[in-house]
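K.L.:
Okay, here's the prediction I keep looking at, along with the sequence it came from:
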Amino acid sequence: MSGYQSLAHRYREMSIKTASPLQLIVMLYDAAICSIRDAQEQMSRRNIAARSRSINKGIRIISELQSSLNLKAGGEIAVSLSRLYDYMVRTLFRANMDQSSQALTEIETLLENLRSAWVELINQTSGAAPSPAKQIPDGDLIGIAAPSKLQPKSFNVSI
């Protein structure tokens, strides 16, 4: 690893370690979107192995997002997100088999829309000086696992 790559890796690692749970979710969305874009690129190059790796990486990231949901505490929003993540995973599997760029574009759009919603939530919760009411509770926020469960080891995803 070159000096620059080592610094970039350490910076990324530190960003993950110091991120809030909501920021970690946005980072996962960023990584998933990046993976889908790479899969589209590899599809256009007809590189089957690289396309499959990128799609599988996207599936793993979406599965991680799905596993972080607390369906009991998150209510209907968490259940809906879980269904949407399930749809995305199935669509990505099908896109890989059918070599469907259109399906990849659909999933990328869904991920970008969800990412925007989480960024908006971050902006709403951190708009002013944090007050106790605005801080993320130790339990759940829209069905996300407690911050203690969202450790960087769970988000071992390279971009």
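P.N.:
That came through fine.
K.L.:
L7 - how many residues pack around it?
P.N.:
For L7, the count of nearby residues is 11 (other CB atoms under 10 Å). Where C-beta positions appear, they are placed from N, C-alpha and C, glycine not excepted.
K.L.:
before we move on, what about Y11?
P.N.:
Y11 has 10 nearby residues by other CB under 10 Å.
K.L.:
distance between the host helix or strand of it and the chain's centre?
P.N.:
When elements are assigned from DSSP states H and E, Y11 belongs to helix 3-18. Here helix 3-18 is found 19 Å from its chain centre; the criterion is CA atoms, centre = their mean, to the nearest Å.
K.L.:
Would you pull up how far the next helix or strand after it lies from the middle of the chain?
P.N.:
The first helix or strand that comes after helix 3-18 along the chain, using DSSP H and E, is helix 21-44. Distance of helix 21-44 from its chain centroid, counting by CA atoms, centre = their mean, is 7 Å.
K.L.:
ok so, going back, for the helix holding Y11, packing partners?
P.N.:
helix 21-44 (3 or more CB pairs under 8 Å, 6 or more residues apart in numbering; DSSP states H and E).
K.L.:
picking up where we left off before, buried residues, the helix holding Y11. List them.
P.N.:
Residues I16 are the ones in helix 3-18 that count as buried (16 or more other CB atoms under 10 Å).
K.L.:
Equivalent analysis for stretch 102-115, please.
P.N.:
Using 16+ other CB under 10 Å as the test for burial, stretch 102-115 gives 103-104, 106-108, 110-111, 114-115.
K.L.:
okay, the angle between the helix or strand bottoming out on mean pLDDT in the chain and helix 21-44?
P.N.:
Across the helices and strands of the chain, mean pLDDT, DSSP states H and E gives its lowest value to helix 3-18, namely a mean of 77. Helix 3-18 runs at 140 degrees relative to helix 21-44, counting by axes from the mean of the first three to the mean of the last three CA atoms, to 10 degrees.
K.L.:
Which residues are in contact with the closest residue to A32 other than its chain neighbours?
P.N.:
Nearest non-adjacent residue to A32, counting by CB to CB, 6 or more residues apart in numbering: I61, 4.2 Å away. Neighbour list for I61: 28, 31-32, 35, 157 [criterion: CB atoms under 8 Å, 6 or more residues apart in numbering].
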